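*Asks:* Below are the sequence and a predicted model for it; my questions follow.
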Amino acid sequence: MKRIIKTNLINIWVVFTIVYIYSIIRAINEGDFNILQGMLSALILVILYGVLFWIFFIVILFITDLLLIYQSSKEKYI
């Protein structure tokens with residue numbers, strides 16, 4: 001179970017980082033932003049406006065892990 005939680009945290013961290021980097025690049029390319037404004041606006045976008053996305057992403061991640069573990073723990077008879 002501990003391994004699954006670590007894997008989920010790595011998945012969440014990677015998705016957060018990629019979305020954050022994409023948001024920074026997009027904010028800088030679309031307007032007259034400097035790097036600090038791009039980073040701040042991307043942080044607000046990812047954390048505040050993406051709350052529902054993060055909640056559903058984490059819930060779905062844990063549900064699929066539980067389903068996959070439950071199915072793989074069943075003994076298979078021939």
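*Replies:* Happy to help now that I have it.

*Asks:* hey, let's count contacts and neighbours off CA atoms from now on
*Replies:* OK.

*Asks:* burial of residue 24, as a residue count?
*Replies:* Residue 24 has 22 neighbours, counted by other CA atoms under 10 Å.

*Asks:* Contact partners for it?
*Replies:* 35, 38, 39, 41, 42 (CA atoms under 8 Å, 6 or more residues apart in numbering).

*Asks:* which element follows the lengthiest helix in the chain toward the C-terminus?
*Replies:* In the chain, with assignment by DSSP state H, the single longest helix is helix 2-30. Next along the chain after helix 2-30, taking DSSP states H and E as the criterion, comes helix 35-44.

*Asks:* That following helix vs helix 2-30, what angle?
*Replies:* 130 degrees (axes from the mean of the first three to the mean of the last three CA atoms, to 10 degrees).

*Asks:* how about low-confidence regions in the protein?
*Replies:* By pLDDT under 70, the low-scoring segments of the chain are 1, 33, 70-78.

*Asks:* and if we set it to 80?
*Replies:* Scanning the chain for pLDDT under 80 picks out 1-5, 7-8, 23-24, 27-28, 30-35, 37-39, 41-42, 45-47, 49-50, 68-78.
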